[in-house]
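1. kindly generate the corresponding structure for this input.
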Amino acid sequence: MILGVSATGEWVNQGGYFALVDGTRWEAITKEHEYVELWADPNDVIWTQGFDPDSGVPHTCTQNSKAPDRIIWVVFAATDNATYNDYTNLSDPTVLANWESILKQGVTTIQGKYPSVKRLEIMTMVRSPAGTDCMPAATTNHEDVVEPWIDNAIAAVAQAQPTLVFAAPKIYVGDCSWFANGGPHFINGGQPASVAAVVATYYNANP
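-> This next block holds a predicted model:
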């Protein structure tokens, strides 16, 4: 099961991800603005929504669709949320601590919602090519760049629960043209299928 935001849903749904893997064993729940702190809240309405896609016939695993054994949780916080982002100090210990705290809370919540889970992989947003920022320089919110405190927090939480929590692979676009308008979205005008292919290549090799 994939849990994520709308940009996640773009490569899952519009990108055709389910056709690139064993679609009988994959499903997703994604929607716009489903930030990390919402997934961490066991009482948020986020937990009442259905499987992707929102319209038409939902795609679910053919067996145990409500009892996944593996979850890929894509985490993201709004760039204007100072609790989880401090662009003036890239090594801000408070922000790192806040991320560690909310990720731990999220792990607990996901375990409560899905006691069947045996492996929980925490994934970041899809990234610009290494060392590159695809968004225009005048843009204030560069959502295509994953800041170090997120990676560090994921690593810390995975280290604390090594039999359950793992850092998912870092997924990079092959070129800025994969994004629509510099990122983080892949529609309209981007290449969600290219992203889906990269993710599928990894998970087909690591089922």
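2. for the residue nearest to the spatial centre of the chain, list each beta-bridge partner.
-> Nearest residue to the geometric centre of the chain (Cα atoms, centre = their mean): V74, 1.6 Å. Taking DSSP bridges as the rule, V74 bridges to M123.
3. look up the pLDDT of it for me, please.
-> Looking at V74, its pLDDT is 98.
4. so it touches S6, yeah?
-> No: the criterion here is Cβ atoms under 8 Å, and V74 misses it with S6 at 10.5 Å. Placement of C-beta: from N, CA and C, glycine included.
5. helices of the protein, start to end?
-> 6-9, 17-20, 36-39, 93-113, 148-160, 192-205 (DSSP state H).
6. what's the end-to-end length of stretch 21-35?
-> With Cα to Cα, to the nearest Å applied, stretch 21-35 spans 26 Å between its terminal residues.
7. list the buried residues in it.
-> When neighbours are counted by 16 or more other Cβ atoms under 10 Å, the buried residues of stretch 21-35 are found to be 21, 25-31, 34-35.
8. and the two most separated of those?
-> Within the buried residues of stretch 21-35, two members stand farthest from each other by Cβ to Cβ: R25 and Y35, at 27.4 Å.
9. list the contacts of the nearest residue to G183 once chain neighbours are set aside.
-> Closest residue in space to G183, ignoring its immediate chain neighbours: D144 at 3.1 Å, by Cβ to Cβ, 6 or more residues apart in numbering. By Cβ atoms under 8 Å, 6 or more residues apart in numbering, the contact set of D144 is 125-128, 133-135, 179, 182-184.
10. that older thread, quick one: contacts for the residue nearest to the centre of the chain?
-> 2-5, 8, 30, 123-125.
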